[in-house]
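A.B. asks: task: produce atomic coordinates for the following.
(one chain, ligands or ions: 2)
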Amino acid sequence: MRDIHDYIEVSSDLIRRQSSSLLFDVYVKRTEKDFTKVFNKGDELDIARFDSYIAKGVTNYYVSQEDFEKYSQFVDLLIKKYVQSGDFAKSRDGLDVFNEMISLTTREMMLLGNINPRVVSNANLAVQTCVSTLVKGGGHKGLMRVISMMSSHDYQIKHSIMVSIFSIIVAKESGIVSELSLNHVGLGGFLHDVGISQIEFDPEEREFLNAKELQEVRRHPELGKRLLEGVKGIRQEVVDIVLQHHEQPNGAGYPNGLRGPEIYHLAKVVSIADVFSSLISKRPFRDPFTVKKALEIMRSESGRYDTKLFSSFADLLGKKK
Ligand SMILES: [Fe+2]
Ligand SMILES: [Fe+2]
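C.D. replies: Ligands and ions are numbered 1, 2, ... in the order given. Got it, this is the predicted structure:
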């Protein structure tokens, strides 16, 4: 019997929209380790049967690891279609495609540490979409829906997109208007923890780490920098954000204990988005904090964040309530 990791959850909404014959086999999960094929590669999707499964509450569909590339190609075609037609975040269908694009890209980058030109270009596209949606204004709702659609995904996938979106919001609120800078901060936020893919265990699952594990985890900014350096299409600004997102203005951060002005401004932005996102997320060892409580906690950690950046972000969230 194959292991659970041989199967990858895919979007039922997108599969239902497959109009030509299926490029991949589709499975459902019977038990944690038992997957059954329900639709065959090469066949047209039997919509009536598919809908009857959905009506019975079968909502999670999977493709095998071997077919994953085919599934990614299928999603890439949909992405191209939506890019040509304009806005992802405005329609429900567009959001489904956008959501799946982010999930696949983050899965490859964050969980597998696989940084190739295709995922970099999809990551860029995802971030540019978020930036232009936010710059045009009125995009918060759509993007918050993207975040809520991510709730069933692995923490690291959800965390990456949340940090990306909140980084753009923090930056924009602090007065940064250049779309290029907003793209850098969004991509830096998206990739900030990419180095974690190189660590043997999953630190996000643990509430406490022993000294050796802590030392290992603290290598992730440096590991992320090394993964990204030399990748075609990645800007130095993004690499600097990844390397410095755990530095603190009071000098207590890592890896280099940089102080205030020594820290790259956009890394300070991502640091705020990073901590805020993790506080408002559910973790295996605690419930999520409310926005109000998360801001209170952060306010009490003076010296850890850039004061100006933090106040403009806190003011914005205060206004929204
Ligand atoms: Fe990190
Ligand atoms: Fe993080």
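A.B. asks: can we go C-alpha only for contacts and neighbour counts from here?
C.D. replies: Will do.
A.B. asks: so the residue of the chain positioned farthest from its centre is in which element?
C.D. replies: In the chain, counting by Cα atoms, centre = their mean, residue 48 sits farthest out from the average C-alpha position, at 33.4 Å. Secondary structure from DSSP states H and E places residue 48 in helix 47-55.
A.B. asks: quick check: mean pLDDT of that helix?
C.D. replies: Across helix 47-55, pLDDT averages out at 91.
A.B. asks: got the buried residues for it?
C.D. replies: By neighbour count, and taking 16 or more other Cα atoms under 10 Å as the criterion, the buried residues in helix 47-55 are residue 50.
A.B. asks: which residue ranges of the chain form strands?
C.D. replies: Under the criterion DSSP state E, the chain contains strands at 7-10, 26-31, 34-39, 61-64.
A.B. asks: could you say what helices and strands the third one packs with?
C.D. replies: By that I understand strand 34-39. Here strand 34-39 touches strand 26-31, going by 3 or more Cα pairs under 8 Å, 6 or more residues apart in numbering; DSSP states H and E.
A.B. asks: what's the angle between the strand it packs on and helix 47-55?
C.D. replies: Comparing the axes of strand 26-31 and helix 47-55 via axes from the mean of the first three to the mean of the last three Cα atoms, to 10 degrees yields an angle of 30 degrees.
A.B. asks: who are the packing partners of strand 26-31?
C.D. replies: Against strand 26-31 (3+ Cα pairs under 8 Å, 6+ apart) you get strand 34-39, strand 61-64.
A.B. asks: quick one, the first one and strand 26-31 angle?
C.D. replies: Strand 34-39 and strand 26-31 meet at an angle of 150 degrees, taking the same axes, to 10 degrees as the criterion.
A.B. asks: re earlier: quick one: distance of the helix holding residue 48 to the chain centre.
C.D. replies: 30 Å (Cα atoms, centre = their mean, to the nearest Å).
A.B. asks: switch the helices and strands packed on strand 26-31 over to JSON lines; also include distance to residue 297 and mean pLDDT.
C.D. replies: Below are those laid out as JSON lines (distance: least, Cα to Cα, whole Å; pLDDT from 0 to 100):
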{"stretch": "strand 34-39", "distance to residue 297": "43", "mean pLDDT": "92"}
{"stretch": "strand 61-64", "distance to residue 297": "39", "mean pLDDT": "91"}
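A.B. asks: low-confidence ranges in this protein?
C.D. replies: Applying pLDDT under 70 to the chain flags the ranges 1-5, 83-90, 111, 137-153, 319-321.
A.B. asks: picking up where we left off before, which stretch among the strands of the chain comes nearest residue 179?
C.D. replies: Proximity to residue 179 (Cα to Cα) singles out strand 7-10 among the strands of the chain, at 31.8 Å.
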